[in-house]
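> Need the 3D shape of this:
(chains A and B)
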Number of protein chains: 2
Amino acid sequence: MKLHSYFRSSAAYRVRIALQLKGLSFDYVPVNLLRGEQRAADYVSHLGDGLVPALETGDGHWLTQSMAIIEYLDETHPAPALLPATPLGRAQVRALAQMVACEIHPLNNLRVLKYLVHELKVSEDAKLAWYRHWAGSGLAAVERQLALLADERRAAGLAESLYCWGDTPGLADCCLVPQVYNAQRFEMSLDTLPRIQAIVERCRALPAFALAHPDACPDAP
Amino acid sequence: MKLHSYFRSSAAYRVRIALQLKGLSFDYVPVNLLRGEQRAADYVSHLGDGLVPALETGDGHWLTQSMAIIEYLDETHPAPALLPATPLGRAQVRALAQMVACEIHPLNNLRVLKYLVHELKVSEDAKLAWYRHWAGSGLAAVERQLALLADERRAAGLAESLYCWGDTPGLADCCLVPQVYNAQRFEMSLDTLPRIQAIVERCRALPAFALAHPDACPDAP
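Have a look, this model is predicted:
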């Protein structure tokens, strides 16, 4: 397998975590977003969206969209599982992942911030306020959702989850950790987000998350 | 089951289509986004994100995030299937759905357009240009991805898909049709998107899509 990745891409970081959690070996192919390499003719000939990450499978298929790639990895390499065994559990984990991947990240990625600055001519301060508004409100929503899930477990007589859902890291953690890394680059505090803070700390202590970190990528400066 | 929905919400529209494709009966609970009913205390006590749609299951669980809800419906009511049988097929369908739900819709929903106008004080023209930029580039990416999938089928000796993937509508169509409805409200043309146009026309001819249409909702004006 080959992973087309950029060290700082939050979406690529998600897939790197999943690959490491499953202990899968892969070739790392750097795609420099700042130099626009994702728009190169050869790259876009394989991918309608021309985004990172892309997973090139062993049999030559190019897969796009990080959550779709992670579910593919989970289906083709089931252990350790990144999704719970029940439909309800899977819906809860997918919802947490999508609260990051559909509500926060799309508003704050590089091309959107560029549009704000270059097309809408917003100031640096207004750009930062935009970032913090969506990341702040989005992470607060995730924090509330984690509290609701904790209530549900308590009512069922279960101990509190160690990760986003249950006692092993999964799809939602693959999305949450890169989003928090990103928010911290923008100097956001996690003080009001104790559950997220605890989960992210627990994840960061695992080798798989360390190996997937942007600083550990071959294309990190 | 109860579906908390707003007639014009693109994300709620996706779930309505899935419910109708599966022939599931449900109570429609209107949540008026313009009046801010999604922020009512009772509503947010069940949902960390306080968004529509939410699916209240028969056993009292509240599910959020449209793609997660649709996969839950597909797992709990498998026929007709909204995802292909193979991991590769599922990855391709999920990627198409996410190209809409992660790359287009998040940039163009009501709260984002409101932020542009109220916080960033952009003009009506600049707001429309923003909408058309993300919807236009995002739908063009979907169109290219559909062409790549068609190439792949041709190479395998298969006939071209009638819908986004294969000969029955699925998760990707549930996301594409509401996005196109939305784009047409903003007077965007589909002239350069022949595959999308053909798929959407085929979908619109099906009773399930007609029943799920915003105009068919109890809260439509």
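> so who does the residue of chain A positioned farthest from its centre touch?
Distance from the centre of chain A peaks at residue A:157, with 30.4 Å (C-alpha atoms, centre = their mean). Residues near residue A:157 by C-beta atoms under 8 Å, 6 or more residues apart in numbering or on different chains: none. C-beta here means a position set from N, CA and C on the backbone, and glycine is covered the same way.
> and it, what helix or strand is that in?
Counting by DSSP states H and E, there is no helix or strand that carries residue A:157.
> Could you do residue A:29 as well?
In this assignment (DSSP H and E), residue A:29 forms part of strand A:27-30.
> Quick one: residues contacting the residue nearest the centre of chain A.
By C-alpha atoms, centre = their mean, chain A has its centre lying nearest to residue A:175, at 2.8 Å. Residue A:175 sits next to A:14, A:66, A:67, A:96, A:97, A:100, A:101 when contact means C-beta under 8 Å, 6+ apart.
> same thing with residue A:153?
Contact analysis of residue A:153 by C-beta under 8 Å, 6+ apart lists A:159, A:160, A:161.
> Out of these, who's the most crowded?
Top of the contacts of residue A:153 by neighbour number is residue A:161, holding 16 neighbours under the definition other C-beta atoms under 10 Å in any protein chain shown.
> quick one: secondary structure of residue A:210?
Classification of residue A:210 by DSSP: H, G, I helix; E, B strand; the rest coil places it in helix.
> in which helix or strand would I find residue A:3?
Per DSSP H and E: strand A:2-5 holds residue A:3.
> which of the contacts of residue A:175 tops the neighbour count?
residue A:66 (32 neighbours).
> What's the per-residue pLDDT of the nearest residue to it once chain neighbours are set aside here?
Spatially, and ignoring its direct neighbours in sequence, residue A:66 is nearest to residue A:11 (4.2 Å; C-beta to C-beta, 6 or more residues apart in numbering or on different chains). Residue A:11 is assigned 98 on the pLDDT scale.
> Please list all residues in contact with residue A:162.
Counting by C-beta under 8 Å, 6+ apart, residue A:162 has contacts A:168, A:199, A:202.
> for residue A:99, same thing?
A:138, A:141, A:142, A:145, B:48, B:49, B:64, B:65.
> Between the contacts of residue A:162, which sits nearest residue A:113?
Nearest to residue A:113 out of the contacts of residue A:162 is residue A:199 (C-beta to C-beta; 26.3 Å).
> Correct me if wrong, but the closest one is in a strand.
No: if the criterion is three-state DSSP, then residue A:199 is helix and not within a strand.
> Give me the residue ranges of chain A where confidence is low.
Within chain A, not a single segment meets pLDDT under 70.
> Could you pull out the buried residues of the helix with the most length in chain A?
Longest helix in chain A by number of residues (criterion: DSSP state H): helix A:124-155. Under the neighbour-count criterion of 16 or more other C-beta atoms under 10 Å in any protein chain shown, helix A:124-155 has A:126-127, A:129-131, A:134-136, A:138-139, A:141-146, A:148-149 buried.
> what sits against residue A:188?
A:132, A:135, A:136, A:139.
> Report the secondary structure element holding the residue nearest to residue A:66.
With DSSP H and E as the criterion, the answer for residue A:11 is helix A:10-21.
> what domains does the record give for chain A?
Listed by automatic domain parsing, the domain ranges of chain A are A:2-80, A:87-207.
> next one: the shortest one to chain centre, how far?
Going back to what we said before, that points to domain A:2-80. Taking C-alpha atoms, centre = their mean, to the nearest Å, one finds the center of domain A:2-80 at 12 Å from the center of the full chain.
> The longest one now?
The gap between where domain A:87-207 is centred and where its chain is centred comes out at 9 Å by C-alpha atoms, centre = their mean.
> Around the closest residue to residue A:25 other than its chain neighbours, how many other residues sit close by?
Nearest residue to residue A:25, sequence neighbours excluded (C-beta to C-beta, 6+ apart): residue A:1, at 7.8 Å. Burial measure for residue A:1: 15 neighbouring residues, criterion other C-beta under 10 Å.
> check contacts around residue A:1.
By C-beta under 8 Å, 6+ apart, the contact set of residue A:1 is A:19, A:24, A:25, A:26, A:27, A:55, A:56, A:57, A:58.
> can you pull the contacts of the second one?
I take that to be residue A:24. Residue A:24 sits next to A:1, A:73, A:77 when contact means C-beta under 8 Å, 6+ apart.
> Check the fifth one too.
The neighbourhood of residue A:27, defined by C-beta under 8 Å, 6+ apart, consists of A:1, A:2, A:3.
> Identify the bridge partners of the last one.
In other words, residue A:3. residue A:28, residue A:55 (DSSP bridges).
> That one contacts residue A:13, correct?
No: taking C-beta atoms under 8 Å as the definition, residue A:3 is not a contact partner of residue A:13, at 10.9 Å.
> These two - which one has more neighbours?
When neighbours are counted by other C-beta under 10 Å, residue A:3 and residue A:13 differ, and residue A:13 comes out ahead with 26 against 21.
> three-state assignment of residue A:218?
Under three-state DSSP, residue A:218 comes out as coil.
> Based on its surroundings, how many neighbours for it?
Neighbourhood size, residue A:218 [other C-beta under 10 Å]: 9.
> Could you find the closest non-adjacent residue to it?
Closest residue in space to residue A:218, ignoring its immediate chain neighbours: residue A:28 at 5.2 Å, by C-beta to C-beta, 6+ apart.
> residues in contact with that neighbour?
Each residue near residue A:28 by C-beta under 8 Å, 6+ apart is listed here: A:2, A:3, A:5, A:217, A:218, A:219.
> The second one: what's it in contact with?
For residue A:3, the residues meeting the contact criterion (C-beta under 8 Å, 6+ apart) are A:12, A:15, A:16, A:19, A:26, A:27, A:28, A:29, A:53, A:54, A:55, A:56.
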